[in-house]
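Peer 1: prediction below, plus the sequence it came from.
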Amino acid sequence: MAGKGGVGKTTVSAALAHAAALAGLSTLIVEVEGRTGLPAMFGQGELTYDEVVLSPGGGPGGAADVRARTLTADAALLEYLRDHGLSRLSKRLVSSGALDVVATAAPGIKDILLLGKVKQLERAGTADLIVLDAPAAGHAIAFLQSARSLLDTVSVGPINAQARDVLELLEDHRRCQVMLVTIPEETPVNEAVETAFSLEDRVGVGLGPIVVNGVVTDVPGLDADPVAAAEEVGVALRPGEGEALAAAASFRRGRMALQAEQIGRLGAQLPLPQLRLPFLFTTDIGPRDLDVLAGALLAEIDALAGLPL
Amino acid sequence: MTVPGTQGPAAVTDGDRLDGVVTERSIIVCCGSGGVGKTTIAAVTALEGAGRGRKTVVVTIDPARRLADALGLAGLSNTPSRIEGDWPGELWATMLDTRSTFDALVAKYAGSPEQAQRILANRFYRNIAGALSGTQEYMAMEKLYELHEETDFDLVVVDTPPTRHALDFLDAPRRLSRFLEHRLFRVLMAPSRGIVRAVNVAAQAFLRTVSKVVGGDVVDDAMAFFQAFEGMEEGFRQRAARVNELLAAPETAFVLVASPRRDTVAEAQFFADRLGEAGIAVQGLVVNRVHPSFGAGLGEAAAERARTLEGTDLGGLYRNLADYRTVSAKELAHLGGLADAVAPAPVVWVPFLSTDVHDIAGMGGLAAHLFSR
């Protein structure tokens, strides 16, 4: 999952994982940027390098589990070196801060350690689906490009092999796809379009449907005049209430019109199927909100399945 | 702009706006997590400075294209260009170019043009200037320092890079100077005598192993860089210390930008705390993209009527009103604590605007929310 800051990338990652689990796929969410609001969405505490269960699955529908972990380059390197019989070296590399020097000498090495770990998790069959909550948009391109650029810098050795494996994963569209997340506003739409073309051209990665998050949904009656609507059902409005109802309705219609324009522009500029998620009138996504978003996502995916792709 | 039937959050009065910051300070740093509108707030703040007769420059990091066009930033330029307009002061803008800011710093502290040349041509150096995490944050602060110390601007407004962790730039100068003094490489380059020699042998063995993992060229580049850089660490460290002093000086104001969501409020709170630890007080809080509060005083009645009247037009209208009352109440609940945390700094609320801000007129509209008129 990739997208500009503030578009709800982590929320959509959580919703997609929840939806996949409801459909019976065991899912692992991987975070790479430290502190995030992800566990709170499932009503859980902080993530660690080791897996934690965010949602145990089971229940009447036979849902699968959702697990999550956070990866850091330092920890991934330690683990990698330990698995390759180099644990003495690994401790010194990390404790002396030499990894920072090496990472600067070969930019992208931290990214490749993270992606290499994800590839290893995929190969090991850790979960049916791995959702990687990637760095924010501009950084996502560099992050995913790291494999290709490292192949030029590091021509031999284990890092080279790791980069080759990661590149193979990224270019295999059956194993790996990037889903972009955006919101229906001008700047986020522009950035999503630019990021999509960069990812295809420069990384060679397959793009899945684009998620349009925060779409304000219609409410029946929004166009009605409050006074007339009140007379119709024989309800008396208190002083000022008619104005408040009208102002709120007008605000929502305004947002909907602006969003429709941006959604249209996104469709015209980017030939990707769209999965639209409703704007939820909340500031903190919790388990019940995830139910709503996962339900909406599954319905949108069902609707797409009927389309010729 | 007032919408009938709406009422802004009670905290706002004219005296509470950011006027003091823009008239009294000489540096304003806009910070906050990604996607909250920092770049736009920085541009609007600079425009206000020019509007109040000051010679103002805004350093932007990565403006959306139309805003960049409005600011005359079509091409990347490391020197400010002037924006003509109908204001008593001057408005200048520049887009941060990390690489050439770093190059200029190297040229300034190199012992000779040859030393500068050796560093600039080194591949490892180019990676530091282009990709080392923290470099962009450091160079934003370096640019601010340079504009403040070496030019005659009255007011320098700086946007901060869109990091997930908004306070990275506070640590960046220190992190980079530590990196440049890297102990491992100092040991490797130390004269090979006695006890030092023993250390050196161990370090060499270590380095050989690193070469096996990433390849010898990579290590050679790094070694060549640290050799070429020898002698410049002190200059860099002193400069970094002066940059940090300026950030904590009374002429500098930090303005926190947040949106009213749990995660960005938490990030802003964390940032305010960290600034506090560094002895820096937040001088203003801008809460962007706040939902209007329709029908204040109607309480829970809207949600109740939405339920009892479900299926009718009036029920739909109440449902909508209840939706906005719910989100507005939640936003205010999140922001109360943050406003307390930055008190007595002024807090301004910017409502959802109907369009993106991408020209001088739009910036003026936004300014009406930040400053009294």
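Peer 2: Thanks, I have the structure now.
Peer 1: indicate the residue of the stretch 151-300 of chain A located nearest to chain B.
Peer 2: A:Gly221 (2.6 Å; Cβ to the nearest Cβ). C-beta: built from backbone N, CA, C; applies to glycine.
Peer 1: what does the stretch 201-309 of chain A have sitting close to chain B?
Peer 2: A:219-222, A:224, A:226, A:229-230, A:232-233, A:235, A:238, A:240-241, A:243-252, A:254-255, A:258, A:281-284 (Cβ under 8 Å from any Cβ of the partner chain).
Peer 1: among those, name the buried ones.
Peer 2: Buried subset of those (neighbour count, 16 or more other Cβ atoms under 10 Å in any protein chain shown): A:219, A:221-222, A:224, A:226, A:229-230, A:235, A:241, A:243-249, A:251-252, A:255, A:258, A:281-284.
Peer 1: strands along the stretch 1-150 of chain A, start to end?
Peer 2: Listed in chain order, the strands of the stretch 1-150 of chain A (DSSP state E, counting those that start in this stretch) span residues A:27-31, A:52-55, A:66-70, A:129-133.
Peer 1: any part of the third one near chain B?
Peer 2: By that I understand strand A:66-70. No: if you take Cβ under 8 Å from any Cβ as the test, strand A:66-70 misses chain B, and the best it gets is 12.6 Å.
Peer 1: and the longest helix seen in chain B with chain A, contact?
Peer 2: Looking across chain B with DSSP state H, the single longest helix is helix B:313-342. Yes: remark: helix B:313-342 sits within contact range of chain A at B:313-321, B:323-324, B:326-327, B:330-331, B:334, by Cβ under 8 Å from any Cβ.
Peer 1: what's the closest of the residues you listed to A:Gly43?
Peer 2: B:Lys330 (17.2 Å; Cβ to Cβ).
Peer 1: how far away is the closest one from A:Pro39?
Peer 2: 20 Å (Cβ to Cβ, to the nearest Å).
Peer 1: angle of the helix ranked longest in chain A against helix B:313-342?
Peer 2: For chain A, the helix with the greatest residue count under DSSP H is helix A:241-269. Put simply, helix A:241-269 runs at 80 degrees to helix B:313-342, going by axes from the mean of the first three to the mean of the last three Cα atoms, to 10 degrees.
Peer 1: so A:Pro278 touches A:Asp289, yeah?
Peer 2: No: the pair A:Pro278 / A:Asp289 is not scored as a contact, 10.1 Å apart, by Cβ atoms under 8 Å.
Peer 1: neighbour count: the two, which is higher?
Peer 2: A:Asp289 (17 against 14; other Cβ atoms under 10 Å in any protein chain shown).
Peer 1: so that one sits against A:Thr283, correct?
Peer 2: No: counting by Cβ under 8 Å, A:Asp289 does not reach A:Thr283; the two are 10.5 Å apart.
Peer 1: so what does whatever helix or strand comes next after the longest helix of chain A touch, helix or strand wise?
Peer 2: The first helix or strand that comes after helix A:241-269 along the chain, using DSSP states H and E, is strand A:274-278. If you count contacts as 3 or more Cβ pairs under 8 Å, 6 or more residues apart in numbering or on different chains; DSSP states H and E, strand A:274-278 packs onto strand A:210-215, helix A:241-269, helix A:287-305.
Peer 1: for B:Ser112, which of those is the nearest?
Peer 2: helix A:241-269 (51.6 Å).
Peer 1: next one: phi and psi at B:Trp92?
Peer 2: phi -120, psi 160 (degrees, to the nearest 10).
Peer 1: my error: substitute B:Val59 in the last question.
Peer 2: Per degrees, to the nearest 10, the backbone of B:Val59 is at phi -100, psi 110.
Peer 1: how near is it to B:Ala367?
Peer 2: 19 Å.
Peer 1: ok, and the closest non-adjacent residue to the most centrally placed residue in chain B?
Peer 2: With distances taken as Cα atoms, centre = their mean, B:Thr160 lies nearest the centre of chain B, 1.7 Å away. In space, and not counting its chain neighbours, B:Thr160 is closest to B:Cys31: 4.7 Å by Cβ to Cβ, 6 or more residues apart in numbering or on different chains.
Peer 1: you'd agree that neighbour is up against B:Ala258?
Peer 2: No: assessed by Cβ under 8 Å, B:Cys31 is found out of contact with B:Ala258, at 9.8 Å.
Peer 1: strands of the stretch 201-350 of chain B, residue ranges please.
Peer 2: B:252-258, B:282-290, B:347-351.
Peer 1: just the mean pLDDT for the first one, thanks.
Peer 2: Looking at strand B:252-258 alone, the average pLDDT works out to 94.
Peer 1: just the CA coordinates for that strand, please, in PDB.
Peer 2: Taking C-alpha atoms only, strand B:252-258 is exported to PDB below (Å, rounded to 0.1, in the frame of the first residue of the first chain):
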ATOM      1  CA  THR B 252      12.700  31.900  16.200                       C
ATOM      2  CA  ALA B 253       9.100  30.700  16.400                       C
ATOM      3  CA  PHE B 254       7.900  27.200  15.900                       C
ATOM      4  CA  VAL B 255       4.400  26.900  14.500                       C
ATOM      5  CA  LEU B 256       2.800  23.500  14.700                       C
ATOM      6  CA  VAL B 257       0.400  22.400  12.000                       C
ATOM      7  CA  ALA B 258      -2.000  19.600  12.600                       C
END
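Peer 1: from chain A, how far off is the nearest residue to B:Arg99 once chain neighbours are set aside?
Peer 2: Leaving aside its sequence neighbours, B:Arg99 sits nearest to B:Ala129 (Cβ to Cβ, 6+ apart; 4.8 Å). B:Ala129 sits 10 Å away from chain A, going by Cβ to the nearest Cβ, to the nearest Å.
Peer 1: burial count for B:Ala129?
Peer 2: With other Cβ under 10 Å as criterion, B:Ala129 counts 21.
Peer 1: got phi/psi on A:Pro226?
Peer 2: The phi/psi pair for A:Pro226 (degrees, to the nearest 10) reads phi -60, psi -40.
Peer 1: contact partners for the closest residue to the residue of the stretch 151-300 of chain A closest to chain B other than its chain neighbours?
Peer 2: With sequence-adjacent residues excluded and distances taken as Cβ to Cβ, 6+ apart, A:Gly221 is closest to B:Gly316, at 2.6 Å. Contact partners of B:Gly316, counting by Cβ atoms under 8 Å, 6 or more residues apart in numbering or on different chains, are A:219-222, A:224.
Peer 1: change it to 6 Å
Peer 2: A:219-222 (Cβ atoms under 6 Å, 6 or more residues apart in numbering or on different chains).
Peer 1: out of those, which sit inside strands?
Peer 2: Judged by DSSP state E, strands contain none of the contacts of B:Gly316.
Peer 1: which one of those residues sits closest to B:Gly85?
Peer 2: Closest to B:Gly85, out of all of the contacts of B:Gly316 and judged by Cβ to Cβ, is A:Leu222, at 40.2 Å.
Peer 1: gap between the closest residue to the closest one other than its chain neighbours and B:Arg82?
Peer 2: Once flanking residues are discounted, A:Leu222 sits nearest to A:Ala249: 5.1 Å by Cβ to Cβ, 6+ apart. According to Cβ to Cβ, A:Ala249 and B:Arg82 sit 45 Å apart.
Peer 1: what of A:Glu186?
Peer 2: Taken as Cβ to Cβ, the span from A:Glu186 to B:Arg82 is 27 Å.
Peer 1: check A:Gln262 too.
Peer 2: Counting by Cβ to Cβ, the separation of A:Gln262 from B:Arg82 is 33 Å.
Peer 1: with that, I have no additional questions.
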